[in-house]
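Got a sequence here, can you model it:
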Amino acid sequence: KDLAVEHAARVENQVAQLQQQAQNQAIFCRAANMQLSSQLASCHASKLDCDSARTILQTELQSARAGQHSDQSALVEEVDRLVADSATVEERLRNLTLHRDS
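Numbers count the residues shown, from 1 in each chain. Okay, here's the model as predicted:
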């Protein structure tokens, strides 16, 4: 009978230890879950920051390209105007030369 009581006491002690270990594990898991949730929120915020920065850079790049295209168009127009002016000047010189020679 004493042996059975001693065995029952050991089993109860083991059960109590296992329950304590389970509670400790549950506390650890909750803490780890909170930490992971915090890290996930931080990563999500960083991703939003990166997405926002990428959008801003893409917009600036498109603006720069549009500005470059606009600048190139303005330069082409200026060159065309200068070439036309040059042709006009050449024509006037020819006319002046013809009038002088005649």
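
which element is Val35 on?
Residue 35: Gln, not Val. Take DSSP states H and E as the rule and Gln35 turns out to sit in helix 2-101.

So for that helix, mean pLDDT?
Summarised as a single mean, pLDDT over helix 2-101 is 91.

and it, what other elements does it pack with?
When contacts are defined as 3 or more C-beta pairs under 8 Å, 6 or more residues apart in numbering; DSSP states H and E, helix 2-101 sits against none of the other helices and strands. Every C-beta, even on glycine, is put in place using the N, C-alpha and C of the backbone.

Make 10 the starting number, not 1.
With the count now opening at 10, the last piece we talked about shows up as helix 11-110.

Off-centre distance for that helix?
Here the centre of mass of C-alpha atoms in helix 11-110, compared against the chain's by C-alpha atoms, centre = their mean, to the nearest Å, lies 0 Å away.

Just give me the neighbour total for Cys59.
In terms of burial, Cys59 registers 10 neighbours under the definition other C-beta atoms under 10 Å.

so how far is Asn33 from it?
Distance of Cys59 to Asn33, computed by C-beta to C-beta, to the nearest Å: 39 Å.

How about Leu27?
Applying C-beta to C-beta, the value for Leu27 to Asn33 is 11 Å.

now Ser47
Relative to Asn33, Ser47 is positioned 21 Å away (criterion: C-beta to C-beta).

One more: Ala18?
Using C-beta to C-beta, one obtains 22 Å as the distance from Ala18 to Asn33.

How about Ala41?
Look at Ala41 and Asn33: by C-beta to C-beta, they are 12 Å apart.

likewise His16?
With the distance defined as C-beta to C-beta, His16 ends up 26 Å from Asn33.

same deal with Asp58?
Relative to Asn33, Asp58 is positioned 38 Å away (criterion: C-beta to C-beta).

do the same with Leu70
Summarising the geometry, the distance separating Leu70 from Asn33, computed by C-beta to C-beta, is 54 Å.

Asp60 now?
For Asp60, the distance to Asn33 under the criterion C-beta to C-beta works out to 40 Å.
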